[in-house]
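**Q** coords please:
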Amino acid sequence: MVVARSAGVVRFPARFLMVLAANPCPCGRFSLRDGSCECPPSAIRRYQARLSGPLLDRVDLRVEVDPVTREELARGGARGESTATVADRVRAARERAAARLAGTPWRTNSEVPGRELRSRWQAAPGALDEAERGLERGLLTARGLDRVLRVAWTVADLAGHDRPDAGDVALALQLRTGVPRGVPMTLEGAA
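**A** As a prediction, this is how the structure comes out:
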């Protein structure tokens with residue numbers, strides 16, 4: 001981990017996964033899907049603005065989680081894929097990435113510098129068009145574009161693709177921004 005400040009730069013021998021959680025509004029019930037809370041829009045904007053842009057620029061994935069219903073609580077939670085199924089898909093994706101990165105100093109997509117992802121392992125032609133438009137419009141920073149590309153490679157690896165296509169990049173953008181883009185928000189059944 002590198003910490004850069006005006007007085008200098010310090011490198012710490014650390015790798016970590018940072019997970020942030022936040023309510024979407026002061027009452028905690030706002031949802032992009034149904035807008036079910038009663039907070040005024042200005043209160044929601046003010047509340048969400050408490051997380052600074054530079055901090056959010058370092059968050060790779062933004063996922064809105066629906067509240068658990070009474071029924072789900074009563075039956076012990078939502079039904080989904082088994083842990084073993086997910087583990088198998090993740091293992092296959094990591095093997096795909098390891099094969100692609102063999103002979104380099106990197107083992108996972110998260111370690112590869114953005115310049116290498118843009119030059120050495122390129123997405124399918126036209127796949128980055130929407131992300132690049134986001135960069136031009138100021139919706140993404142250069143760091144954000146690199147992070148979208150890393151996530152797109154992971155999505156492609158999970159789906160068994162040789163390289164990210166437009167759908168993989170669209171899902172990565174959706175995960176990065178939290179804004180639905182007409183892409184199913186699931187990787188079930190991939191690979």
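
**Q** let me know the pLDDT of Arg118.
**A** Confidence at Arg118, expressed as pLDDT, is 84.

**Q** ok, it - contacts?
**A** Asp146, Leu149 (CB atoms under 8 Å, 6 or more residues apart in numbering). Where C-beta positions appear, they are placed from N, C-alpha and C, glycine not excepted.

**Q** helix, strand, or coil at it?
**A** helix (DSSP: H, G, I helix; E, B strand; the rest coil).

**Q** how much space between it and Arg15?
**A** For Arg118, the distance to Arg15 equals 23 Å [CB to CB, to the nearest Å].

**Q** now do Leu139
**A** Where Arg15 is concerned, Leu139 sits at a distance of 29 Å (CB to CB).

**Q** grab the nearest non-local neighbour of Glu132.
**A** Leu145 (7.2 Å; CB to CB, 6 or more residues apart in numbering).

**Q** just to revisit the earlier point, more neighbours: Leu139 and Arg15, which one.
**A** Neighbour comparison, Leu139 and Arg15: the larger count goes to Leu139, with 14 against 8 (by other CB atoms under 10 Å).

**Q** tell me the mean pLDDT over stretch 4-14?
**A** On average, stretch 4-14 scores 85.

**Q** contact partners of it?
**A** By CB under 8 Å, 6+ apart, stretch 4-14 touches Met1, Val2, Val3.

**Q** alright, calling it a day.
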